[in-house]
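Enquirer: structure, please.
(one chain, ligands or ions: 1)
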Amino acid sequence: MARVLLEHVTKRYPNGFEAVKDLNLEIRDGEFLVLVGPSGCGKTTTLRMIAGLEEITKGNLYIGERLVNDVPPKDRDIAMVFQNYALYPHMSVFDNMAFGLKMRRYPKEEIRRRVQETARMLGIEDLLDRRPAALSGGQRQRVALGRAIVREPQVFLMDEPLSNLDAKLRVLMRAELKKLHERLGVTTVYVTHDQTEAMTLGDRIAVMHRGVLQQVGTPDEVYRDPVNMFVAGFIGSPPMNFLRGVVAWEGDRAVFRHGGRDLVLPEEVGARLRASGASFPREAYLGVRPQDVRLEGPETLRIDGKVNIVEDAGAEKYVYAELPTGEEFVARLFVGAVPKAEERISLYPDPQRLHLFDAETELSLF
Ligand code: ATP
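Expert: Have a look, this model is predicted:
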């Protein structure tokens, strides 16, 4: 096992494009870290640099205590799992799993023992004689995982390994991967664009955007305290609502001026704004997650609107309302009596769960 440390790592491709910019990130020994972000944010490039498949333009990369910038992939003691499995079609499951060990000239008995143990752990011991063509997608994915596990590497690198599976199987395999990690305890770096997958799998998640690391933390930390509007909007579904207005002091109370009204911010928010040292009034966005909205609450935080659409998802309903400012606002409600389309509605954000972002820098104001 080992930690992975990236210090000021930059990747510039030959065409001049900077896919990863000054990345500082430590993946702790035994940790399951998920790199997440939209398509093109640089997560695959980062993983490929850790694997040694992509050269680092600037910075240092350590696996364990060893600087590996110039160490070839085969000597890095890592194992990769890709989304397309990359199994050898002409080989049996056994030979696919044994391949890496054979190449490294492990004794035959040791190979047999490791493959059989791993196959049992993954529930594929009955498939060892089959060819990949005779397997389901989920079984193939298990073989690909098995091939990485038998190597007993210091680090697993996984690039969207579940994205070719159907939704149901993906959820199942996610749970299995999590259990497997708990059992093996191998440092794992996992790439996905799917925030739900990131939130359910990661001990910590690292959110990237346009080649820049935005925030690292436990799923809960990133969800509760997003550092900026990008992270706030990317993590959580449906995405956080943002209302544009002005934060100002009204006597000793902090208010959010929006659409000609003052929403009174809770005292605790005021205290945090004061402690931040920022000057007010200031253009800002109020952030409210759809699940942090109720149909009743303090008048000082009332938001009026008109219902556009109600989406019924069984136990929960998504109410899409239009505010007098023209902004759209989504509420996720669990109550029986939900408003209907065209009705006027008053929504009340949970005062404990408000977010405020500077309109210019888009950074959290507290
Ligand atoms: P996806 O989820 O779509 O795979 P990603 O976050 O993994 O996205 P990367 O594959 O790391 O993104 O790519 C990051 C950026 O670098 C993209 O804009 C991509 O077009 C660019 N890029 C990738 N490979 C090269 C290359 N060989 N030459 C130039 N640009 C590249």
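Enquirer: am I right that Arg257 is in a strand?
Expert: Yes: under DSSP: H, G, I helix; E, B strand; the rest coil, Arg257 sits within a strand.
Enquirer: verify the stated contact: it with Trp249.
Expert: No: using Cβ atoms under 8 Å, Arg257 is not in contact with Trp249, being 11.1 Å away. In short, each C-beta sits where N, CA and C put it, glycine included.
Enquirer: give me the contacts around the lengthiest helix in the chain.
Expert: In the chain, taking DSSP state H as the definition, the longest helix is helix 167-184. By Cβ atoms under 8 Å, 6 or more residues apart in numbering, the surrounding residues in contact with helix 167-184 are 32, 121-122, 137-138, 141, 145, 149, 161-163, 165, 188, 197, 200-201.
Enquirer: quick one, which of those residues has the minimum pLDDT?
Expert: Ranked by pLDDT, the contacts of helix 167-184 bottom out at Leu165, which has 82.
Enquirer: which SS class is Tyr318?
Expert: Tyr318 ends up strand, using three-state DSSP.
Enquirer: residues in contact with it?
Expert: 238, 290, 310-311, 330-333.
Enquirer: try it again at 7 Å.
Expert: 238, 311, 330, 332 (Cβ atoms under 7 Å, 6 or more residues apart in numbering).
Enquirer: now render these as JSON lines, adding pLDDT.
Expert: Listed next are the contacts of Tyr318 as JSON lines, based on pLDDT from 0 to 100:
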{"residue": "Pro238", "pLDDT": "93"}
{"residue": "Glu311", "pLDDT": "93"}
{"residue": "Val330", "pLDDT": "97"}
{"residue": "Arg332", "pLDDT": "95"}
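Enquirer: next step: those residues restricted to strands.
Expert: Members of these lying in strands (criterion: DSSP state E): 311, 330, 332.
Enquirer: out of these, who's nearest the ligand?
Expert: Distance to the ligand, by Cβ to the nearest ligand atom, is smallest for Val330 among the ones in strands among the contacts of Tyr318, at 25.8 Å.
Enquirer: quick check: beta-bridge partners of that closest one?
Expert: Tyr320 (DSSP bridges).
Enquirer: and it, how far is that from Glu109?
Expert: Separation of Val330 from Glu109 (Cβ to Cβ, to the nearest Å): 60 Å.
Enquirer: so for these two, which sits in the more crowded spot?
Expert: Val330 (21 against 8; other Cβ atoms under 10 Å).
Enquirer: just send the contacts of Tyr318 back as JSON lines, with distance to the ligand too.
Expert: Shown next, in JSON lines, are the contacts of Tyr318 (distance: Cβ to the nearest ligand atom, whole Å):
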{"residue": "Pro238", "distance to the ligand": "21"}
{"residue": "Glu311", "distance to the ligand": "28"}
{"residue": "Val330", "distance to the ligand": "26"}
{"residue": "Arg332", "distance to the ligand": "27"}
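Enquirer: let's see if you can find the most crowded of these.
Expert: Going by other Cβ under 10 Å, Val330 tops the contacts of Tyr318 with 21 neighbours.
Enquirer: and for Glu55, the neighbour number?
Expert: Neighbourhood size, Glu55 [other Cβ under 10 Å]: 11.
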